[in-house]
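Novice: prediction below, plus the sequence it came from.
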Amino acid sequence: MKKCVGHRISDGQPCGRPPTHGATVCTSHGGSAPQVKRSALVRAEVAQWVLGDATDDPGTVLLRLITQSRRRADLYASLLEEAYEAAEVLGSTDWSLPKGVAALIGHKYALDAQGNPVAIAEAIRGLVVLEAQERDRCVNFCTKAITAGLAERVVRMQEREAAMAHQALIAGLDAAGITGELRAKVLDGTVAHLRLVGKDES
């Protein structure tokens, strides 16, 4: 059983009380503080999914979960669009799910009057449920990420990466001995390109 990592003021010994859910400290040692609650929320979500290593940053793992969930929801939505096109626009009933997604939905059968197995669950209805569940899961992850302040953290990380790229570019220009007007053009062109990339991603 996990124990609070705090220490008692009276004798300096480890606290020994159980930490608040998802946190490393009990309420007496800061477990009720807003920033601790936010981190605990992310940690608890990651622990629930048993993903990553114990040393992985919970915020990074949660961002990975959001990306994974979004990709799945997009896949299921595109398959639903294909099914709609096949049934409504093309008038075909031959549409079927890819094997991997079909395995997630499963098959339900019953016996007809002659004792032969017949499918009783429709693949498209199963796909609708799967897509709705994944979309809800993605929203849940995003809500937890916002609550934990991960959006702001991602912006700070991107700003640090941009600053490092800028420093690397200047170091490269210095090493190549590029100065004057050519140097200014390279720097201006790089900044313009990064702005365009930033607009495309937003």
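Specialist: Here it is on my side, so go on.
Novice: domains of the chain?
Specialist: Here the domain parsing of the chain from automatic domain parsing is 53-148, 150-202.
Novice: tell me which helix or strand of the chain sits lowest on mean pLDDT?
Specialist: Within the chain, no helix or strand scores below strand 117-119, which has a mean of 64 by mean pLDDT, DSSP states H and E.
Novice: so what's the one residue sitting closest to the centre of the chain up against?
Specialist: With distances taken as C-alpha atoms, centre = their mean, the residue of the chain nearest its centroid is Ile66 (1.8 Å). Taking C-beta atoms under 8 Å, 6 or more residues apart in numbering, we find Ile66 in contact with Cys138, Phe141, Cys142, Ala145. C-betas here are computed from N, CA, C, even on glycine.
Novice: centre of this structure to the edge, which residue is at the far end?
Specialist: The C-alpha centroid of the chain is most remote from Gln114, which lies 49.3 Å away (C-alpha atoms, centre = their mean).
Novice: three-state assignment of it?
Specialist: What DSSP: H, G, I helix; E, B strand; the rest coil gives for Gln114 is coil.
Novice: now Ala113: how far from Arg72?
Specialist: Applying C-beta to C-beta, to the nearest Å, the value for Ala113 to Arg72 is 40 Å.
Novice: err, Pro19, not the other one
Specialist: Where Arg72 is concerned, Pro19 sits at a distance of 32 Å (C-beta to C-beta).
Novice: with Ala102 instead?
Specialist: 15 Å.
Novice: for those two, work out which one has more neighbours and name it.
Specialist: Taking other C-beta atoms under 10 Å, Ala102 and Arg72 do not tie; Arg72 has more neighbours (19 against 14).
Novice: hey, where'd the helices end up in the protein?
Specialist: With DSSP state H as the criterion, the chain has helices at 34-49, 58-84, 99-105, 123-147, 150-176, 180-201.
Novice: let me have those helices in a markdown table, adding mean pLDDT and distance to Asp11 as columns.
Specialist: Output for the helices of the chain, formatted as a markdown table (pLDDT from 0 to 100; distance: least, C-beta to C-beta, whole Å):
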| stretch | mean pLDDT | distance to Asp11 |
| --- | --- | --- |
| helix 34-49 | 66 | 24 |
| helix 58-84 | 85 | 32 |
| helix 99-105 | 69 | 55 |
| helix 123-147 | 85 | 36 |
| helix 150-176 | 82 | 37 |
| helix 180-201 | 78 | 54 |
